[in-house]
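Colleague: structure of the sequence below:
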Amino acid sequence: MLESVPYETWILDLPTLRPRTSLYHLEPIGIGTPFVESLTSYIGRLAAAHTVSLGSLTAKEFWPRVSSFQAPGHNQKYAGPYSTFLYEAHALNGVGRCAERWVQVIESLTDQSDLHLLTTLTWKQVTSEQGLLRNKRAWCPLCFADWAGSGKTVYEPLLWALAAVSVCSRHGMPLLTVCPWCRRESGALSGRWHAGYCARCRQWLGSNRSCPESLGEGGTYRRWVAESIGALLVRATSFRHPPSADALRENLRACIFDLADGNRSALSRAVRLHESCFQDWLTQYVPEINSLMSVCFRLGFTLEGFLTERLNAVDSRWERARKIVRQSGFVNPRRSTQAEVRVALQTALDSASPPALDELAHKLGFAHATALRRRDPIMCCQISKRRAEIRLRARPSTCFPSALQPKQRIKTQLETALAQASPPTLRDVAIKLGYGNAASLYRWFPILCRRLAAKRREHGRRRRLQIEAAFRTALTEEPAPTLKQVAHRLGYKGSRPYSRYFSPLLKKLAARARKHHQQQKNRVRAVLEAALKEEPPPLMHTVARRAGFTRAHLAALFPGLWRRLGDRSKEHRMREAGRKRQMLQQEAYEIALRLLRTGTPPTRRLVGLMIARSPIKSSHLIDKEIRRVRAEVQKLRARP
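Modeller: Model (predicted):
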């Protein structure tokens with residue numbers, strides 16, 4: 001009997017095949033991690049996978065499709081075979097329309113759907129394009145060596161393409177931008193680009209040796225920047241649409257009105273930015289990445305939280321940020337917060353005898369009652385009305401002090417005022433006790449009142465002697481101080497309180513100050529006139545540094561001289577620029593002619609490498625001279 005032989009089961013269903021694409025379905029590396037691949041690195045790996053040069057892949061496949069996104073009549077200067085696009089390829093990793101067009105084209109050619117994660121397009125509504133990217137390659141040699149040693153694909157992460165990142169978040173060493181072999185920089189992409197190799201000399205850029213260079217004083221901040229931006233790239237995978245700037249602006253408003261009590265100057269000092277930045281961010285502009293980093297690092301917030309979440313006082317980091325602003329933002333004695341002002345005003349309103357608004361303002365750390373009225377005008381108006389009602393009720397009984405205040409209390413107040421080193425006036429004491437003037441105090445305690453008035457006069461006499469000594473000392477100082485400076489030394493805001501007593505001294509001090517100012521003006525004029533005769537003309541900021549004033553101040557003092565200096569400096573710069581262009585054109589012409597005579601076709605790159613004498617290098621001028629030489633050679637060959 002024959003045994004049954006089992007056969008394997010065949011599945012006859014056709015396999016599901018991916019639709020055909022023009023280019024390989026190459027998977028990007030590191031999506032969802034801080035080391036996600038950059039779009040420029042992905043394009044370079046695409047060219048290597050197809051065994052073609054990057055320039056050929058760009059010119060044949062990418063540019064014809066990218067150009068179709070442009071409006072009719074748009075400048076097509078990059079579409080030719082001699083495109084200079086590779087010099088500006090770093091923009092592909094950014095947040096602009098160029099990156100959007102390239103992502104759409106490459107996704108359609110490779111059938112990949114997440115290539116926008118290889119750029120910073122996710123954060124285009126919350127981050128400015130200015131200062132975002134570096135236009136040269138940067139790399140960590142230890143990362144290259146680790147990937148090559150473990151058999152992994154070598155690539156360039158998007159993290160290295162951002163200008164704010166200067167250290168490797170994995171190894172903690174500074175990123176390199178100059179090849180250790182040829183000592184030159186490379187662009188983000190080039191015709192000879194290969195991951196892990198120098199585009200100039202083709203040498204391997206990886207190394208197992210740690211860089212001996214220290215991160216220096218700002219090492220903690222630089223490493224925090226790298227880790228924070230890495231977390232931002234990881235968070236990008238959780239959004240279907242780019243996040244808006246609403247959370248950023250809400251957090252910024254909360255920082256201004258809660259952490260700094262509405263004082264933008266205090267917040268700007270705490271985060272070391274100019275005050276105008278906050279106004280720009282709250283209206284229509286989005287912050288640069290470096291400025292945003294400064295705010296988050298100095299206040300202790302995470303970058304991704306500040307951009308995507310609405311922070312509030314429940315967060316523990318909020319109280320820590322408030323302490324930071326209090327310590328480093330407020331240069332004057334600490335002023336009370338909005339909540340503390342409201343509590344103090346309510347307490348004063350509920351009290352039987354509300355204090356004056358000026359007195360309450362000084363207790364809360366403000367110079368005038370205007371600050372309180374600006375914060376709570378309704379409650380301040382109620383306190384003023386309450387005080388007026390109390391004074392009105394007290395006026396009819398001023399003839400009977402015993403009915404308003406006991407005699408013992410009046411005597412105690414007079415003795416307390418008499419014991420002070422700087423006694424108040426009798427009128428101040430009377431008002432404090434509820435009287436309209438000091439007549440009632442004289443009626444009950446004339447001896448105490450006379451002693452207080454005499455002590456007040458003696459205090460005024462000593463104070464005038466002190467002021468006179470300060471003025472006579474100021475008359476001997478060099479340079480002579482101004483009246484305002486002397487007033488500040490004595491604790492006054494202006495010269496009006498003592499102008500009637502020391503009018504001759506004030507006139508002498510004002511005359512010395514005017515004389516000193518005129519001498520300073522003559523010295524500055526001499527500096528500007530000497531600069532007018534210099535050859536070559538000095539730069540404007542150099543003249544301002546010699547004079548010891550800002551350029552705006554000098555322009556206001558001597559508008560004619562300053563304008564002439566600016567004109568001479570501008571003419572000199574234009575002459576120098578013309579001379580440098582002529583040198584470049586002459587040298588490029590000679591090199592191109594010499595190459596043609598030796599049978600070598602002159603190219604921009606070859607001519608640029610051979611230029612040595614010219615102080616500048618301009619691709620436009622080099623191309624112009626190459627075309628001129630070729631035209632002259634063709635004319636010579638065309639002659640019979």
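Colleague: what residue lies at the spatial centre of this protein?
Modeller: Ser291 (4.0 Å; Cα atoms, centre = their mean).
Colleague: what sits against that one?
Modeller: Applying Cβ atoms under 8 Å, 6 or more residues apart in numbering to Ser291 gives the contacts Leu273, Cys277. For the C-beta atoms, the positions are set from N, CA and C on the backbone; glycine is no exception.
Colleague: now it, what's its secondary structure?
Modeller: Put simply, Ser291 is helix when judged by DSSP: H, G, I helix; E, B strand; the rest coil.
Colleague: how about the helices in the stretch 101-250 of the chain?
Modeller: With DSSP state H, counting those that start in this stretch as the definition, the stretch 101-250 of the chain shows helices at residue ranges 141-149, 219-235, 246-254.
Colleague: of all the ones you listed, which lies closest to Arg605?
Modeller: Minimum separation from Arg605 across the helices of the stretch 101-250 of the chain (Cβ to Cβ) falls at helix 141-149, 25.8 Å.
Colleague: pop the domain breakdown of this protein in here.
Modeller: For the chain, the domain assignment from automatic domain parsing gives the residue ranges 21-241, 244-328, 338-396, 406-424+434-460, 586-638.
Colleague: could you dump the ones you listed to a markdown table with distance to Ala547 and mean pLDDT?
Modeller: As requested, the domains of the chain are arranged in a markdown table below (distance: least, Cβ to Cβ, whole Å; pLDDT from 0 to 100):
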| stretch | distance to Ala547 | mean pLDDT |
| --- | --- | --- |
| domain 21-241 | 33 | 85 |
| domain 244-328 | 25 | 84 |
| domain 338-396 | 35 | 82 |
| domain 406-424+434-460 | 45 | 81 |
| domain 586-638 | 30 | 83 |
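Colleague: CSV for the ones you listed, including distance to Ala487?
Modeller: Formatted as CSV, the domains of the chain follow (distance: least, Cβ to Cβ, whole Å):
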stretch, distance to Ala487
domain 21-241, 42
domain 244-328, 24
domain 338-396, 16
domain 406-424+434-460, 17
domain 586-638, 55
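Colleague: and of the ones you listed, who's closest to Lys507?
Modeller: With distances scored as Cβ to Cβ, the stretch of these nearest to Lys507 is domain 406-424+434-460 (22.4 Å).
Colleague: quick one: end-to-end length of that closest one, please.
Modeller: This stretch, domain 406-424+434-460, spans 31 Å end to end (Cα to Cα, to the nearest Å).
Colleague: distance between it and the chain's centre?
Modeller: The chain centroid and the centroid of domain 406-424+434-460 are separated by 58 Å, computed with Cα atoms, centre = their mean, to the nearest Å.
Colleague: to Asp13, which of the domains of the chain lies closest?
Modeller: Nearest to Asp13 among the domains of the chain is domain 21-241; the distance by Cβ to Cβ comes to 22.3 Å.
Colleague: just checking, Glu37 touches Pro28?
Modeller: Yes: in this structure Glu37 lies within contact range of Pro28 using Cβ atoms under 8 Å: 5.1 Å.
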